[in-house]
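**Q** Sequence and predicted model, in that order:
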Amino acid sequence: MESADNDRNTKSVAQVASTSLSDDNLSILVVSGRSGSGKTSVLNILEDLGYYSIDNLPLSLVPEAAQKLVSESGIRRIALGVDIRTPRADLSNFSAIHDALKQAYGEQAVKVLYVTAQESTLVARFNATRRVHPLMSQDAEGVEHTVYNLPAAIKKEVQLLEPIGRRADITIDTSMLNIHQLKERLRDYTGVDNQIVINLLSFGFKYGSPIDADFVFDVRILPNPHWNPALRTATGLDAEVGEFFADYPEVAEMTGDIDAFLTRWLPDFLHNNRHTVTVAIGCTGGKHRSVFITEQLQRKLSSSLPQGLTVAAKHREKRRW
């Protein structure tokens, strides 16, 4: 029966081997590890780095999941989480499934990432979170006849995960790592640079300041086109408003000062484990001054910021114009 299952698993993966997949841009990570070591955090980080992540996947379904995601959905970065909760028979069959994946997608495309931690660290984490180790209430088959205390469960798990652990391409010990260091380690391993979206948001103070802004710049000190009857219905997106501002050098000076500040400091967020940074530019109504400066900054920053920082301009009060 086990041999037949192996044949089916091998065939289901190998069927898509002829689809001419490139090892250079295809990455299938099988993520496993000890309970409490941070496997779920690893999967979440990989998702942030552009991987399609699935947690707690029965090992026997890994070939089918990979086939559907790669062949049918065209997804090129996949992270599949497998742990002690998978059926015991799946764990003993890991070598066959792993070999089949490599045969189908290539040696370089398929990697095993194993997450672990020192026993004392795992005990402390379970005690701090008051979570129950999966092996403390049931065995890996879900049959409630084997009950372990925490130290025994931790040791038993190592034995059960041994077929995966000994095939690991990279092992990460999280005992001394915080979440930011873990992310750096994963970025280095996957070769994925951090990507941050810089949201430039114009708004009107009379409608309230944005509570999610990282930086807020108040441009109400600048001349206001609102008091020019010919410009009252126009917005900061219109050429005539730009011509109005061209007569006031302080507008260009303030725009330049904000641009210089953001150009200096925004690149540092690439090393701060952020995915978005919101820069809010506010005037009274969010229609003229803040809109004009936001658009100016979007053009300037798009050409000056390093790779990895994408700049987008949004106008919160647009529906009120």
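**A** Good, I have the coordinates.
**Q** Helices of this protein, residue ranges please.
**A** Counting by DSSP state H, the segments of the chain that form helices are 2-14, 39-48, 62-67, 88-92, 94-105, 119-129, 134-137, 150-160, 162-165, 179-190, 239-246, 249-265, 289-304.
**Q** Quick one: low-confidence residue ranges for this structure.
**A** Applying pLDDT under 70 to the chain picks out residues 1-24, 137-147, 273.
**Q** in it, which residue is closest to the centre?
**A** Nearest to the geometric centre of the chain sits Asp48, at 0.5 Å (CA atoms, centre = their mean).
**Q** gap between that one and Val192?
**A** Distance, Asp48 to Val192, by CB to CB, to the nearest Å: 9 Å. Heads up, the C-betas are built off the backbone N, CA and C, glycines and all.
**Q** same question, Gly308
**A** Distance from Gly308 to Val192, by CB to CB: 10 Å.
**Q** quick one: which of the two has more around it?
**A** Val192 (16 against 12; other CB atoms under 10 Å).
**Q** Now the more buried one: closest residue in space that isn't a chain neighbour?
**A** Leu49 (4.4 Å; CB to CB, 6 or more residues apart in numbering).
**Q** quick one: furthest residue from the center of this structure?
**A** Pro229 (48.1 Å).
**Q** give me the beta-bridge partners of Leu80?
**A** Using DSSP bridges, the beta-bridge partners of Leu80 come out as Val30, Ile54.
**Q** Next, the contact list for it, please.
**A** When contacts are counted by CB atoms under 8 Å, 6 or more residues apart in numbering, Leu80 touches 28-31, 53-54, 57, 62, 65-66.
**Q** one more time with 6 Å
**A** 30, 54, 57, 62 (CB atoms under 6 Å, 6 or more residues apart in numbering).
**Q** Setting aside sequence neighbours, what's the nearest residue to the third one?
**A** Take Leu57 and drop its neighbours on the chain: the residue closest to it by CB to CB, 6+ apart is Leu80, 5.3 Å away.
**Q** any idea how far Tyr248 is from the one you found?
**A** Distance from Leu80 to Tyr248, by CB to CB: 58 Å.
**Q** swap in Pro223?
**A** Where Tyr248 is concerned, Pro223 sits at a distance of 5 Å (CB to CB).
**Q** Those two - which one has more neighbours?
**A** A side-by-side neighbour count of Pro223 and Tyr248, using other CB under 10 Å, places Pro223 first with 15 against 12.
**Q** show me what contacts the more buried one?
**A** By CB under 6 Å, 6+ apart, the neighbours of Pro223 are Tyr248.
**Q** same question, Tyr114
**A** Tyr114 sits in contact with 32-33, 165, 168, 171, where contact means CB under 6 Å, 6+ apart.
**Q** mind checking how far the closest residue to it other than its chain neighbours is from Phe94?
**A** With sequence-adjacent residues excluded and distances taken as CB to CB, 6+ apart, Tyr114 is closest to Ala168, at 3.7 Å. From Ala168 across to Phe94, the span is 11 Å (CB to CB).
**Q** Those two: which has the busier surroundings?
**A** Taking other CB under 10 Å, Ala168 and Phe94 do not tie; Phe94 has more neighbours (23 against 18).
**Q** I figured the more buried one was touching Pro163, is that so?
**A** Yes. With contacts counted by CB atoms under 6 Å, Phe94 reaches Pro163, the gap being 4.2 Å.
**Q** And stretch 100-110, how far out from the chain middle?
**A** 24 Å (CA atoms, centre = their mean, to the nearest Å).
**Q** er, stretch 49-69 I mean
**A** The chain centroid and the centroid of stretch 49-69 are separated by 17 Å, computed with CA atoms, centre = their mean.
**Q** Buried residues, it. List them.
**A** Neighbour counts over stretch 49-69 (16 or more other CB atoms under 10 Å) mark 49, 51-55, 57, 59-63, 65-67, 69 as buried.
**Q** Stretch 33-53 now?
**A** Residues of stretch 33-53 classed as buried: 33-46, 48-49, 51-53 (neighbour count, 16+ other CB under 10 Å).
**Q** What about Arg320, how many residues nearby?
**A** 11.
**Q** Can you tell me how far it is from Gly204?
**A** 8 Å.
**Q** Also Val123?
**A** For Val123, the distance to Gly204 - CB to CB - is 54 Å.
**Q** now Phe269
**A** Taking CB to CB, one finds Phe269 at 26 Å from Gly204.
**Q** quick one on the thing from earlier: turn the contacts of Tyr114 into a markdown table, including distance to Ile258.
**A** Shown next, in a markdown table, are the contacts of Tyr114 (distance: CB to CB, whole Å):
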| residue | distance to Ile258 |
| --- | --- |
| Ser32 | 47 |
| Gly33 | 45 |
| Gly165 | 52 |
| Ala168 | 48 |
| Thr171 | 46 |
